[in-house]
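Peer 1: sequence unknown, structure follows:
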């Protein structure tokens, strides 16, 4: 039996998948930026949470390494993708931090543009914000079709994921999108959003699932092929 749970570790809310299994001990592993926990059926939730708090340093460290691995180049003059096109990174010194696209340039104005860590954090925050803005916009556009079929409005989350552009958990009503999704073309973003919303109708990738997807995105195969060209960012 699997269930999705949350816990706060050192002030950070962590989502994890808990699986009750025939094991002797509680185990935790971090894979692809996601946390998985297995525990015996008889262990109370409070004991599991106590175990996770004791392993907070390991869990947070593994998540941070995964997020760093997902980070895009932060060197001056680097070619960074935004909505499928290449933008040249321009680093500028400023008293107030901001990141914006101007034509073919991605301008990052920072207090410490010479510090790679500061640049990385600023870019990751900007990509996450743009990705969330776009995903929410497409969810708003597409959701009425699913609302008519009885799908409740989903909770939208963003996460740096190494193995997927999106993830849907129908039972918990949560859709999670990759925090770097703003790098890919907009028609690919719309495809990802529609794909995950269709999982509220069909949890698997059965013929019925793809039939439902085709009703929303008739050219989904073309968009999926286009999206795969960007899988190197995962």
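Peer 2: Cool, the structure landed. Computed from a predicted model, the values in this text were never measured in an experiment. Numbering: from 1, shown residues only.
Peer 1: Make sure residue 140 is indeed in a helix.
Peer 2: Yes - counting by DSSP: H, G, I helix; E, B strand; the rest coil, residue 140 is located in a helix.
Peer 1: Got the phi and psi for residue 213?
Peer 2: When read as degrees, to the nearest 10, the backbone of residue 213 gives phi -60, psi -40.
Peer 1: Residue nearest the middle of this protein, spatially speaking?
Peer 2: Against the mean C-alpha coordinate of the chain, by Cα atoms, centre = their mean, the closest residue is residue 178 at 2.6 Å.
Peer 1: what's that residue sitting at in phi/psi?
Peer 2: Dihedral angles (degrees, to the nearest 10) for residue 178: phi -70, psi 130.
Peer 1: pretty sure it is touching residue 131, no?
Peer 2: Yes - Residue 178 is within contact range of residue 131, at 6.9 Å (criterion: Cβ atoms under 8 Å). Just so you know, the C-beta spots here come from the backbone N, C-alpha and C atoms, and that holds for glycine as well.
Peer 1: shared neighbours, those two?
Peer 2: Shared contacts of residue 178 and residue 131 (Cβ atoms under 8 Å, 6 or more residues apart in numbering): residue 158.
Peer 1: Give me the contacts around the helix or strand residue 80 falls within.
Peer 2: If you go by DSSP states H and E, residue 80 is part of strand 79-82. The contact list for strand 79-82 (Cβ under 8 Å, 6+ apart) reads 72-73, 86-89, 101, 106, 123, 130, 182-184, 230, 233.
Peer 1: Only the buried residues of it, if you could.
Peer 2: Buried residues in strand 79-82, defined by neighbour count with 16 or more other Cβ atoms under 10 Å: 80, 81, 82.
Peer 1: ok, so of those, who is nearest residue 95?
Peer 2: Set against residue 95, the nearest of those by Cβ to Cβ is residue 80 (23.7 Å).
Peer 1: On the pLDDT front, check that closest one for me.
Peer 2: Residue 80 carries a pLDDT value of 92.
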